[in-house]
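S.K.: using only what follows, build the 3D model:
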Amino acid sequence: MDNKTSKLEIAPSGCDILIQNDKDGSILVLIPGGKFLAGGKEADEGGKVFEVELPAFYAGITAVTNAQYAQFLNSVRPDRRDLEKWILLDRDSSILSIQMDYKITDEKETHPIVQVSWLGAQAYCHWAGLRLPNELEWEKAARFIDGREYPWGDKWDQTFCHNGINRSEEPTSPVFSYPKGTCPWGLYQMTGNVWEWCQDWYDRHAYESHRAGKPVQSAKGNQRVVRGGGWDRGHRTRFRCAHRSSQNPNERYFNYSFRVFKDAP
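M.R.: Take a look at the predicted model:
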């Protein structure tokens, strides 16, 4: 199937396939409304693959980059308290504060932002006029509609994503790397490279509700959902599109990042 043709055929009237956000330059692709196969065999994945219907939305074709996050920081000029909540700027960070300006230190402008908390991801989205995905949206964006195991298909191939086996000495890779690992929507590195924050509070029983046709997001919790698997992981199970994980929203880890989403008209 020609993915470009299929997307054009099922795009809602009045929606562009690709849009660019004026505020931060993010490019987003339309994920059409309709059904897709979600979940998997693990207990917190619903026990088996099941059908879910979602409205249309836009998904960023890459994770947010160091350059974009530095632009955000230079624009909002956070006080010390907010900065420490949002991002960890230590020796492992590619962003450095120099005389009140935020600059990229090691020519990694196109690498994904890391060491950003859920709070820091939310702050960026608010500034950019965008949002984080709920985890079903993230999964449809990563998985297409056919229940595939990985963004590129059902067969694991470690060369299709940035992971703990093939990364060499480089922690992250540029966001447009690994084109063979893109999903049919054209999104890059939905698995591997970095974990990505989602809106949702993590609920290990959430997919049971989704499978029963009652998709309700938990109103509270202790940890937020992260999806995708990071560069330090090597086992294939962590890179499955259905794999769910979670983390304290205040944590700022070396492999935690995010990508932006947007409602479709």
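S.K.: tell me where the stretch 51-200 of the chain has strands.
M.R.: 57-60, 95-98, 101-104, 195-201 (DSSP state E, counting those that start in this stretch).
S.K.: ok, which of these comes nearest residue 117?
M.R.: Residue 117 lies closest to strand 195-201 among the strands of the stretch 51-200 of the chain, at 8.2 Å (Cβ to Cβ). Using the backbone N, CA and C atoms, a C-beta is placed for each residue, glycine as well.
S.K.: can I get the CA coordinates of the closest one in CSV?
M.R.: Extracted in CSV, the C-alpha atoms of strand 195-201 (Å, rounded to 0.1, in the frame of the first residue of the first chain):
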residue,chain,number,x,y,z
TRP,A,195,11.9,7.5,26.1
GLU,A,196,9.0,10.0,25.5
TRP,A,197,6.7,11.4,28.1
CYS,A,198,2.9,11.1,27.6
GLN,A,199,0.1,13.0,29.3
ASP,A,200,-1.3,10.1,31.3
TRP,A,201,-0.8,9.1,34.9
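S.K.: now the closest residue to residue 77 other than its chain neighbours: how far from residue 249?
M.R.: Excluding its sequence neighbours, the residue lying closest to residue 77 (Cβ to Cβ, 6 or more residues apart in numbering) is residue 100, at 7.5 Å. Distance, residue 100 to residue 249, using Cβ to Cβ, to the nearest Å: 27 Å.
S.K.: more neighbours: these two, which one.
M.R.: residue 249 (19 against 7; other Cβ atoms under 10 Å).
S.K.: so where does the more buried one fall, helix or strand?
M.R.: Under DSSP states H and E, no helix or strand contains residue 249.
S.K.: could I get the contacting residues of it?
M.R.: Under the criterion of Cβ atoms under 8 Å, 6 or more residues apart in numbering, the neighbours of residue 249 are 117-119, 197, 223-224.
S.K.: now do 7 Å
M.R.: Counting by Cβ atoms under 7 Å, 6 or more residues apart in numbering, residue 249 touches 117-119, 224.
S.K.: narrow these to those in helices?
M.R.: 118-119 (DSSP state H).
S.K.: okay, now the unreliable bits of the stretch 101-250 of the chain?
M.R.: For the stretch 101-250 of the chain, applying pLDDT under 70 flags the ranges 168, 215-216, 234.
S.K.: how about 50 then?
M.R.: Under the criterion pLDDT under 50, no range of the stretch 101-250 of the chain is flagged.
S.K.: need the helices for it, in chain order.
M.R.: Using DSSP state H, counting those that start in this stretch, the helices of the stretch 101-250 of the chain run over residues 118-128, 135-143, 206-211.
S.K.: nearest to residue 77, of the ones you listed?
M.R.: helix 118-128 (11.3 Å).
S.K.: from the chain's centre, how far out does the closest one sit?
M.R.: 13 Å (Cα atoms, centre = their mean, to the nearest Å).
S.K.: pull that helix out as CSV, backbone CA atoms only.
M.R.: What follows is helix 118-128, C-alpha atoms only, in CSV (Å, rounded to 0.1, in the frame of the first residue of the first chain):
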residue,chain,number,x,y,z
TRP,A,118,7.4,15.7,32.5
LEU,A,119,6.9,19.2,34.0
GLY,A,120,9.6,20.6,31.6
ALA,A,121,7.9,18.9,28.7
GLN,A,122,4.5,20.4,29.7
ALA,A,123,6.0,23.8,30.1
TYR,A,124,7.5,23.6,26.6
CYS,A,125,4.2,22.5,25.1
HIS,A,126,2.3,25.3,26.8
TRP,A,127,4.8,27.8,25.3
ALA,A,128,4.6,26.3,21.8
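S.K.: follow-up on the earlier one: just checking, which of the helices of the stretch 101-250 of the chain sits deepest inside the structure?
M.R.: helix 135-143 (a mean of 25; mean count of other Cβ atoms under 10 Å).
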